[in-house]
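> below are the sequence and a predicted model for it; my questions follow.
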Amino acid sequence: DYKPLGPEHLDEVKKLHQEWFPVKYEDQFYNDTLVTNRGQFFSVGAFYYLKISESETKEIILGLAICNWRYVDEYFFKETNENLIKEISDNLNYEEEAKLFLSPEKFYYSVYIMSLGVIDECRKMSIGTNIMKTILNYSISFYSCIGVYLSVISTNHSGKKFYEKNGFVCANTFKGYYLIEDKRYDGDFYVKIFTRKEKDLKNKSIDSFLTFKEK
């Protein structure tokens, strides 16, 4: 089952983040995204229900993602330039949408994937792909959302391959972006821009996600 995470999953989500990621997430991150969430964040959890007995079922998280709605001019976009816009538009073949995504127009929103992971036992079972599809389908259903982006440590080649397989393009590299145990690592910025054609021809099956945020 794929559904949003909630305060009841706080301890398990924190444990999984500690196991998966070398970057330390502060308690404020978990509190903001799972406890006091007022709409700025949304999450996707992949759940498996293990039957313990005739009357008891245990809910297990197999994978998850936590996302943040942002204006398109925030953070990474302040350092973009015409050459970067051209590089993305050449790769994706839709220059107008690329310019919108990288412009300082406050009207448009983007989705930043803050974290995404799957437990080791369930890797290569399409769970990560299904989580990503859920994020993309939900995001594209909003008229003002024109793209999704994320950052990944440059040495994470399997992660980058996964994002490229799901339609993301590496748009920039930030030197020394990650600080892990007092050592700096480069971070790659990946982006997927929604074309008008994608938004107009979106799969009817995403109707079930239109109320995803409110569940």
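Received the coordinates, thanks.
> any idea how far stretch 20-31 is from the chain center?
15 Å (CA atoms, centre = their mean, to the nearest Å).
> pretty sure L136 sits in a strand.
No. Under DSSP: H, G, I helix; E, B strand; the rest coil, L136 sits outside any strand and is assigned helix.
> what's the closest residue to it other than its chain neighbours sitting at in phi/psi?
Counting by CB to CB, 6 or more residues apart in numbering, the nearest residue to L136 once its immediate chain neighbours are dropped is V148, at 6.3 Å. (Each C-beta comes from the backbone N, C-alpha and C, glycine too.) The phi and psi values for V148, taken as degrees, to the nearest 10, are phi -130, psi 140.
> tell me the helices in this structure, going along the chain?
10-20, 27-30, 82-92, 95-101, 127-140, 157-165, 196-200 (DSSP state H).
> buried residues in the longest one, which are they?
Buried residues in helix 127-140, counted by 16 or more other CB atoms under 10 Å: I127, G128, I131, M132, K133, T134, I135, L136, N137, Y138, S139, I140.
> dump the residue contacts of the fifth one.
If I follow you right, that is K133. By CB atoms under 8 Å, 6 or more residues apart in numbering, K133 lies in contact with N166.
> any low-confidence regions in the protein?
37-38, 72-107, 201-215 (pLDDT under 70).
> change it to 50
Applying pLDDT under 50 to the chain picks out residues 74, 76, 203-215.
> centroid-wise, who is the farthest residue in it?
Distance from the centre of the chain peaks at E54, with 36.8 Å (CA atoms, centre = their mean).
> ramachandran angles for that one?
Dihedral angles (degrees, to the nearest 10) for E54: phi -60, psi -30.
> turn the helices of the chain into a markdown table, columns for distance to Y48.
Formatted as a markdown table, those follow (distance: least, CB to CB, whole Å):
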| stretch | distance to Y48 |
| --- | --- |
| helix 10-20 | 13 |
| helix 27-30 | 22 |
| helix 82-92 | 35 |
| helix 95-101 | 35 |
| helix 127-140 | 10 |
| helix 157-165 | 21 |
| helix 196-200 | 31 |
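> compare those helices and give me the one nearest S110.
Nearest to S110, of all the helices of the chain, is helix 95-101, at 6.8 Å by CB to CB.
> so which residues of the chain form strands?
2-3, 41-51, 57-71, 109-118, 145-153, 169-180, 183-193 (DSSP state E).
> what about E54, distance to Q28?
41 Å (CB to CB, to the nearest Å).
> same thing with F142?
In terms of CB to CB, F142 sits 26 Å off from Q28.
> K199: which of the buried residues of helix 127-140 is nearest?
I140 (5.8 Å).
> do I have it right that that closest one meets T195?
No. Using CB atoms under 8 Å, I140 is not in contact with T195; the gap is 9.9 Å.
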